[in-house]
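Q: have a look; sequence and predicted model below, questions after that.
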Amino acid sequence: MRWMITASGGQYNLDGWAVLGNKVDLQDIAHALAQINRFTGHASRPYSVAEHSLLAAQIARELGYGPAVQLAALMHDAHEAYTGDVSSPVKWTVGPDWALFEAEHDKLVARALGIWAARCAHRKTLKHIDLVCLATERRDLLPWDPESSEPWAILDTPGGEIEPWGEDLTSPARAEASWEDWRQEFLCAATTLRAQVEASIKGGEA
């Protein structure tokens, strides 16, 4: 049996039937995502999955979506607290083995967090928000030049281009924030949104 120890001292199993007994902990998720860098560390500054996730939730809010979609956006990469973040080119190279492994834990974590229904209902919206985040990150944090760099099919396909968001990821406030700051902001956002979702359910709102 293959398992890992989490920040809280818990045990998370990674294979087979054992995943059904895993305890998914929000504190563990926030702690790990705040320290896992996107782009395999090749961004111009440390840029964590937690910061990326908060950007996704912000975009969902600014697009007018309610707390359930915002929470699903915030948690769309929560499983990476256990699987790690692997860049898309690596995923495509590894192929279906990685996709199957990641999908199993993605579904497990989403169900544990109570966001699976929102994920399924708003899958296309959440994917679009994730791509808008990626376009924004490429613009601000990666040495990509539209004049000399190869286009990215997922962002630059003619007729289906994804435009970046207005948020400036190079702002001093973002650059100076510590991983502990991002962990706390992630936790605060998750707690607030979960309370809002629960309140809307109790109030009979859609």
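A: That came through fine.
Q: quick one, strands of the protein?
A: 3-5, 11-13 (DSSP state E).
Q: a markdown table for these, including distance to Gly95?
A: (Each C-beta comes from the backbone N, C-alpha and C, glycine too.) Below are those laid out as a markdown table (distance: least, Cβ to Cβ, whole Å):
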| stretch | distance to Gly95 |
| --- | --- |
| strand 3-5 | 23 |
| strand 11-13 | 24 |
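Q: which of these sits most buried?
A: strand 11-13 (a mean of 17; mean count of other Cβ atoms under 10 Å).
Q: mind giving me the packing neighbours of that one?
A: Packing partners of strand 11-13 (3 or more Cβ pairs under 8 Å, 6 or more residues apart in numbering; DSSP states H and E): strand 3-5.
Q: hmm, who's touching the strand it packs on?
A: Applying Cβ atoms under 8 Å, 6 or more residues apart in numbering, the contact partners of strand 3-5 are Gln11, Tyr12, Asn13, Leu14, Ala18, Tyr82.
Q: show me where pLDDT drops low in this structure?
A: Along the chain, the model assigns pLDDT under 70 to residues 16-18, 205-206.
Q: the same query, at a cut-off of 50, please.
A: Where the chain drops to pLDDT under 50, the residues are 206.
Q: give me the nearest residue to the residue most central in space within the chain, chain neighbours excluded.
A: Here the mean C-alpha position of the chain is nearest to the C-alpha of Asp77 (Cα atoms, centre = their mean), at a distance of 3.1 Å. Nearest residue to Asp77 in three dimensions, chain neighbours excluded: Val49, at 5.3 Å (Cβ to Cβ, 6 or more residues apart in numbering).
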